[in-house]
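Compute the structure for the input listed below.
(chains A, B and C)
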Amino acid sequence: MSIEIRGVSKAFAGHPVLRDVSIDIPDGELVALLGPSGCGKTTLLRILAGLEVADRGEVRYGGQDVATRTARERNVGLVFQHYALFRHMTVADNVGFALKVRKAPRPEIRARVDELLRLVQLHDQRDRYPHQLSGGQRQRVALARALATSPRILLLDEPFGALDARVRQELRRWLRGLHDELHVTSIFVTHDQEEAFEVADRVVLMNAGRVEQVGPPAQVFENPASPFVMRFLGAVNVFHGHVDGGRAFVHDLEFAAPSAHGRSTAHVYVRPHDIDVHRAALPGSFAARVVRVLALGAAVRVELTAPGHAGALEVELDARRTEALSLVPGDVVHLAPRRVRVFPAVERQSDSLTASGL
Amino acid sequence: MSGAASSLARREVVAAPDAVPLAGLAGAARRRPRRATEDPAPVKWALVAAALCFLASLVLAPAAVVLVEALRGGFGLWWKAVADPDARAAIRLTLLVSVLAVPLNAAFGVAAAWSATRFRYPGRSVLVALIDLPFGVSPVISGMVTVFLFGARGWFGPWLAAHGVRVVFAVPGVVLATVFVTFPFVARELIPFMEAQGTEEEEAALVLGASGWQIFSRVTLPNVKWSLLYGVILCNARAMGEFGAVSVVSGHIRGVTNTLPLHVENLYSEYAFQAAFAVASLLFLLAAVTLSAKKTLEWTQRTSRRDAAHRSPR
Amino acid sequence: MTGGARPRRRLVSGVLPGFGLSTGVAVLYLGVVVLVPLSALALRHSALSCRELWPIVASPRALASYRLSFGASLAAAAVNVPCGVLVAWVLARYAFPGRSLVDALVDLPFALPTAVSGIALTAVYSRNGWIGRWLEPLGVRAAFSPLGVTIALTFIGLPFVIRTVQPVLEDLDAELEEAAATLGAGRWHTFRRVILPAIVPAAVTGFALAFARALGEYGSVVFISGNMPMRTEIAPLLVMTRLEAYDYAGAAAIANVLLVTSFALLLAIHRLQRWTRSRAGLA
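Take a look at the predicted model:
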């Protein structure tokens, strides 16, 4: 079942939470809504489920407007952040609830519950109560419960937020596997970039109620559409300069900036792993002094200061390169950015999903 | 909304107070060093004694006197007073009032709690505040307004008389006055509890396709059953024991419109003290049952909350 | 694609079903059970003009009853504060044999029907009662005097202060007292500076609740008071007397004085509870 979201806006008590959000999700895709807390992603999910009503805009399932359908009638599966399991019912009763309220015959309910519990590998827990289960188990029960009526759309609200790291890892992998098996159109909400990237086909980045960018994880990472996306998806060094006629100027460095027109101040963003470190000066490099060298396992993070640049610069090197350089605090080295992203300082990003690659 | 009735929603686990100091081990009187937040033993025992004195003179003594005076003259006299036809009629009326008033007020309490905790709308807080109304009104006044409305010279008086219905100085009046005085109890227990519980489970049930009644009966009711039960018990205790309001409305007609408390008053004013205390002891028994039910419910709540606390892997 | 610009304003928020039914029932019930009768009260005595009302409302007998009701309720609530705090402290802090029985006893005045409390208190405090007989030689007349009324009202208000203060004491963070101890404060100092300020809001709320309850109390008082006009006649009883004499307007007038005071108190209590909650947030 495909999902079309068109111009959805919502405000709570005068405070806007969603601003003109539009997203298209084809049938069978697994999409992550990624963004910081407060960006509206959970509200959007609740509007999709019918638990909130948008002030403006439209939602269509399979081409049909669902505004007239109540939450009860939409037949979507919803997994809550804190599971919302019925605390006084057993696992089996929880999973079979949707079928019971539709007055399905008992043997049918039992068969379906068995099938689902085997799917989530909790068959031996069927007579336990929620408070007797671990967090990961509860989450799986919540998922099985949501899948009971074979919904065409599955919505998950920060499904692994309340679990510890190892369980999270396992469940992520398992969820992806489940989706590959069932092919249900799914949307899940998260603030964890790694989770979104690992699980989703496409990522929707949201900030302050607007959609910043939509695309497959790799594309979004390589071609961020806005400074927010770039900053949200990892550490970044920011240089202040200006653009003029398709070129960006920072200190005495020059970069190509093909889509920047005219003249304005600009920010040049460089990822820590996109900077080369040399002992000697090269064309296209600038001088910096090493402040700290931190070993982070496989990689090494070097913090530096440079004249004319406020704050610390971060460069990430692999252990081999660091050894070759044998860096020590106080050393003066030369940094050569390999790949940069230039964003003109005056910008008001459009809210639609067009990925304006630079 | 607080209120003296210790709501189950608020009574948390009592942290075990500083344990009683260990008695000397096998003869050696070793003094355990005092913790920084512990009071010196003499102070502690003085305070305990003072508190117990206060409670003994004010609460324990009256409680004891009821039982002592009721059984003065032996069990036979007690039985005679309690099995007296007027007393039995009073028991019947008290039970009838309770059977009518309590379910009505429970239904109201549930409706009010659902409306006030599951929705947000202008005027909601006014509704909730109004529920507290009978607590600020003297029971005599409650009885009085019943008379003003339904008495022979009241608003509906002529209409009722025309239909041959007697409200004041008859059983319906007693029921009405009791309903008015006791209607907040269930709502006041349910509202804070349901507010604190949140709507997630009900929303989940809605998304899973349940109708309103299915949500209520399968999800909400099992979750609030202890609070509901507690509210019903309080409501019942008050309904059976109400005195001021029914005193105005009933007309004190022996054997017809006397509830148990009114019968006690009747006996007492006729100087039949032993009989009065004998009947009063029945009401005392009711209070004791109410209090023990309360303790049991609190204990149940505590253990179920302990289970719940063990679960969340925060 | 309509992609509308139709802002939907909803008065009621919440997607669960049953709003109409539940709110309808609640409002209907409240209307019938609460507001209709009370407005009858208001209308009843507007039958008399203000000029005719004043003598009733301000008659010496009425004034005496207000003085008694108000004064005794105030005194009873005032006594309940230190004693209630003491009992709450003892229950929350100390273990002693019979503690849970005592804890249950505190609720007795709330659970016991008022008529029973009335005759029981009279039996205890009358001249040859269990405690009354010790007070008699001291010249203290407990029953059939304003003192008796105060005693009964103290009994009635007892649970209010205790049950409001006790949870606060139980939830009090031990770390606060430990911090005071490490800074050199003795137990009394700690109590005065750390603990007392934390329970003041609860104590004041309990006081107001006890006061409000005492103002309207009838059953527990009418037995021990003796009901002598001008001396031990409480205001609710005066209302009752007027009613029995079929003086509906007079009864309504005096009842209104009581009601206005009670509502003012209720309002104050609501404010107090809000203040308590905000203080608790700071604690």
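
okay, CA-based contacts and neighbour counts for the rest of this
Noted.

Which stretches in chain A count as helices?
A:41-49, A:91-95, A:97-101, A:106-119, A:135-147, A:165-182, A:193-199, A:217-222, A:227-232, A:319-325 (DSSP state H).

hmm, the fourth one touching chain B?
No - judged by C-alpha under 8 Å from any C-alpha of the partner chain, helix A:106-119 and chain B are separated, with a smallest distance of 14.2 Å.

looking at the helices of chain A, which is closest to B:T94?
helix A:97-101 (41.2 Å; C-alpha to C-alpha).

Report the distance from that closest one to the chain centre.
Distance, stretch centre to chain centre, for helix A:97-101: 33 Å (C-alpha atoms, centre = their mean, to the nearest Å).

is it anywhere near chain C?
No - Helix A:97-101 stays clear of chain C (C-alpha under 8 Å from any C-alpha), getting no nearer than 15.1 Å.

sorry, back to before: okay if I get the helices of chain A as a markdown table plus mean pLDDT?
Formatted as a markdown table, the helices of chain A follow (pLDDT from 0 to 100):
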| stretch | mean pLDDT |
| --- | --- |
| helix A:41-49 | 93 |
| helix A:91-95 | 95 |
| helix A:97-101 | 94 |
| helix A:106-119 | 94 |
| helix A:135-147 | 93 |
| helix A:165-182 | 90 |
| helix A:193-199 | 92 |
| helix A:217-222 | 92 |
| helix A:227-232 | 90 |
| helix A:319-325 | 83 |
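
Same list (these) but as CSV, adding mean neighbour count and distance to A:R271.
Shown next, in CSV, are the helices of chain A (neighbours: other C-alpha atoms under 10 Å in any protein chain shown; distance: least, C-alpha to C-alpha, whole Å):
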stretch, mean neighbour count, distance to A:R271
helix A:41-49, 23, 27
helix A:91-95, 26, 46
helix A:97-101, 22, 48
helix A:106-119, 16, 41
helix A:135-147, 25, 35
helix A:165-182, 14, 26
helix A:193-199, 18, 16
helix A:217-222, 16, 10
helix A:227-232, 18, 9
helix A:319-325, 13, 17
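
Give the next helix or strand downstream of the lowest-mean-pLDDT helix or strand in chain C.
Least confident helix or strand, chain C: helix C:36-44 with a mean of 68, by mean pLDDT, DSSP states H and E. Once the chain leaves helix C:36-44, the next helix or strand it forms, by DSSP states H and E, is helix C:50-57.

What is the neighbour count of B:H163?
By the criterion of other C-alpha atoms under 10 Å in any protein chain shown, B:H163 has 9 neighbours.

got a list of what the residue of the stretch 1-150 of chain A found nearest chain B touches?
Nearest residue of the stretch 1-150 of chain A to chain B: A:R72, at 4.4 Å (C-alpha to the nearest C-alpha). Residues near A:R72 by C-alpha atoms under 8 Å, 6 or more residues apart in numbering or on different chains: A:50, B:206-211.

From these, list the ones also adjacent to chain C.
Restricting the contacts of A:R72 to those near chain C by C-alpha under 8 Å from any C-alpha leaves A:50, B:206, B:211.

Could you show which parts of chain A are in contact with chain C?
Counting by C-alpha under 8 Å from any C-alpha, chain A sits next to chain C at A:6-7, A:50-52, A:54-58, A:71.

Roughly how far does A:P307 sit from A:V332?
12 Å (C-alpha to C-alpha, to the nearest Å).

between these two, which one's more packed in?
A:V332 (19 against 10).

At the contact with chain A, which residues of the stretch 151-300 of chain B appear?
Residues of the stretch 151-300 of chain B lying near chain A (C-alpha under 8 Å from any C-alpha): B:200-201, B:203-211, B:214, B:219, B:222-223.

Buried among those residues? Make that a ChimeraX selection.
Buried subset of these, written as a ChimeraX selection, criterion 16 or more other C-alpha atoms under 10 Å in any protein chain shown:
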select /B:200,201,203,204,205,206,207,208,209,210,211,214,219,223
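
So which of the contacts of A:R72 are in helices?
B:206-207.

picking up where we left off before, find the residues that touch each one of A:P307 and A:V332.
A:A288.

For the closest residue to A:R292 other than its chain neighbours, the count of nearby residues, please.
Excluding the flanking residues, the one nearest A:R292 by C-alpha to C-alpha, 6 or more residues apart in numbering or on different chains is A:E303, at 5.1 Å. Other residues near A:E303 number 20, with proximity taken as other C-alpha under 10 Å.

How about the one 3 residues further on?
When counting by other C-alpha under 10 Å, one arrives at 18 neighbours for A:A306.

Can you name the residues that contact it?
A:287-289, A:312-313.

Try it again at 7 Å.
A:287-289 (C-alpha atoms under 7 Å, 6 or more residues apart in numbering or on different chains).

And the residue in the stretch 1-150 of chain B positioned nearest to chain C, how far from chain A?
Here the residue of the stretch 1-150 of chain B nearest chain C is B:S138; by C-alpha to the nearest C-alpha that distance is 3.9 Å. Using C-alpha to the nearest C-alpha, to the nearest Å, B:S138 is found at 40 Å from chain A.

my guess is that residue contacts C:G216, does it?
Yes - with contact defined as C-alpha atoms under 7 Å, B:S138 reaches C:G216; the gap is 3.9 Å.

Could you chop chain A up by domain?
A:3-227, A:235-344 (automatic domain parsing).
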